[in-house]
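>>> 3D model of this:
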Amino acid sequence: MEKIIGRNTEINELDQAMQSGRSEFVILYGRRRVGKTFLVRSYFNDRYTFHFVGAHGQNTAAQLTHFREALKAYSGRKTIPELKDWHTAFLYLQRYLDKCKTKRKVLFFDEMPWIDTQKSDFVSELEYFWANYVQKRDDIVLIACGSASAWMKDKLEDNKGGLHNRITHRIYLRPFYLSECEAYLKDRGFDWDRYQIMQLYMIIGGVPYYLSLLNRNLSLPQNIDNLIFRRGGELNDEFNELYNALFKRADRYIKIVQMLAGKREGFTKTEIAEKTGFSGGGLTKLLDNLERCDFIVSYSQYGNKVKQTIYRLCDFYTLFYFKYVKNERTRDENYWQHNFESRSVASWQGFAFEELCIRHLQHIKQGLGISGMATAASSWRLTGKSTESKGTQVDLVISRADKIIHLIEMKFSAVPYAITKDYAEHLTLLKQLFMEANNISRGVVLSFITPFGLKAGQYTSLVHSSLAADTMFADIH
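As a prediction, this is how the structure comes out:
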């Protein structure tokens, strides 16, 4: 089996569950394709007391049939009666476990949200199984895994019934950071430099499954064409598969992310309601579900007294899909090789790099030397009628407990970034407008993040701190 890259915190959680000397209920969740199943399979080397995988889109009868077959395989029993409901299914599981002689019994339920079909009573019977059987023992580790993070949180983590406060370990598996992507690619024989890895990240993010599809014998543009733009490519229809596998009535979620893709600064909930027609609690649930699955992020606006939340699309593949794939894939199967050096792509990379930086906020704080300090991250925008203030914004503001405020400028460039006279004037005005709008007289500084740092010049003295991309490839201490 492949080597595990990173995931030290998650492995430590599994170690604790296995060594505790009591029964444990572990939930493992995160966006689709992030490597949840791989982590469990690798950690246990595919050795479980019982393992069952939910089947997408199948009814209760089919799920029970699959469960019966899994139970026959693990128990060694050739004949198990047909299972007509989940109460009976868990009863036969108990009988099997009673005869097991292993010291620690691992039950791995993968894609659990898919098991919970309409009117199946799966969750209530799982509650009963835990409360009336597992909880009375000290030798069972039950691992529930699923990509539908909203279901995992609502039905398990926030359960108000028999599983209330019964979850002993919550493991959220996030996409890789840049450092882990670099380690993954190096382990598989790629010799791409950090600039190329950043370009890759801005297209597919840090999703391990997507990384596993790359061919080290092809260039980065060739890989993108081969996976995404080529008919039959492994990611050619990933967008539809991704959302339909995670959400019921996926069209509602797609409508929201398509709208968010049109404005990188994001929208308020009111604006989303006006543009989509969704409102009230229904819209709140849609947004919560998207955020739990790492497709969107919510954040506050600096200086906004009403603290109105902004929602922004942050999934790299979805952003890339709406920008290039949706309308281009049927026309040119070598689209990326033909266009990756175009002015349009350069402009898009500038925006994507900002998202990449925000995803690595902890790395940026560490690079600034403030990782141990209380901070708040937000954005800031100033709307006005004057030419000077119209459209002024800062996509990342870091406010420190010691009253220092960083206005973060993020610029993607293949060479050290040079601050021109015009841009220096813009920076001076930006800082002035920010301080005036927020009634701040001191403590506001300009900070830069670029792939190769700033080029020394006449105007670099305007900048308080400059970070290169190496900062985002560092390990978090």
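>>> From here on, just use CA atoms for contacts and neighbour counts.
Will do.
>>> How far does stretch 313-323 sit from its chain's centre?
With C-alpha atoms, centre = their mean, to the nearest Å as the basis, stretch 313-323 stands 12 Å off its chain's centre.
>>> Mean confidence (pLDDT) on that stretch, please.
The pLDDT scores in stretch 313-323 average 94.
>>> List the contacts of that stretch.
201-205, 239, 257-258, 260-261, 264, 266, 294-297, 352, 355 (C-alpha atoms under 8 Å, 6 or more residues apart in numbering).
>>> again, but for stretch 75-93
61, 64-65, 67-68, 71-72, 96, 120-122, 125-126, 129.
>>> Please enumerate the strands of the chain.
24-29, 50-53, 105-110, 140-146, 169-172, 267-268, 296-299, 310-313, 375-382, 392-400, 405-410, 444-450, 465-468 (DSSP state E).
>>> The ones you listed: which one's closest to Gly233?
strand 310-313 (24.6 Å; C-alpha to C-alpha).
>>> Any stretches of the stretch 1-150 of the chain with poor pLDDT?
Across the stretch 1-150 of the chain, the ranges flagged by pLDDT under 70 are 1.
>>> can you pull out the helices in it?
Assigned by DSSP state H, counting those that start in this stretch, the stretch 1-150 of the chain shows helices spanning 8-19, 36-44, 60-75, 86-99, 112-115, 122-132, 149-151.
>>> Output those as JSON lines; include the columns mean neighbour count.
Output for the helices of the stretch 1-150 of the chain, formatted as JSON lines (neighbours: other C-alpha atoms under 10 Å):
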{"stretch": "helix 8-19", "mean neighbour count": "14"}
{"stretch": "helix 36-44", "mean neighbour count": "17"}
{"stretch": "helix 60-75", "mean neighbour count": "18"}
{"stretch": "helix 86-99", "mean neighbour count": "16"}
{"stretch": "helix 112-115", "mean neighbour count": "24"}
{"stretch": "helix 122-132", "mean neighbour count": "18"}
{"stretch": "helix 149-151", "mean neighbour count": "23"}
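>>> Out of the contacts of stretch 313-323, which sit inside helices?
Using DSSP state H, the subset of the contacts of stretch 313-323 located in helices is Tyr201, Met202, Ile203, Ile204, Phe239, Val257, Gln258, Leu260, Ala261, Ala352, Glu355.
>>> From Leu235, how far out is the first one?
Distance from Tyr201 to Leu235, counting by C-alpha to C-alpha, to the nearest Å: 15 Å.
>>> Please identify which of these two sits among more neighbours.
Higher neighbour count among Tyr201 and Leu235: Tyr201, with 22 against 19, using other C-alpha atoms under 10 Å.
>>> gap between that one and Thr268?
For Tyr201, the distance to Thr268 - C-alpha to C-alpha - is 27 Å.
>>> swap in Ile310?
Distance from Ile310 to Thr268, by C-alpha to C-alpha: 5 Å.
>>> Compare neighbour counts for the two and give me the winner.
Neighbours were counted for Ile310 and for Thr268 using other C-alpha under 10 Å; Ile310 has more, 20 against 17.
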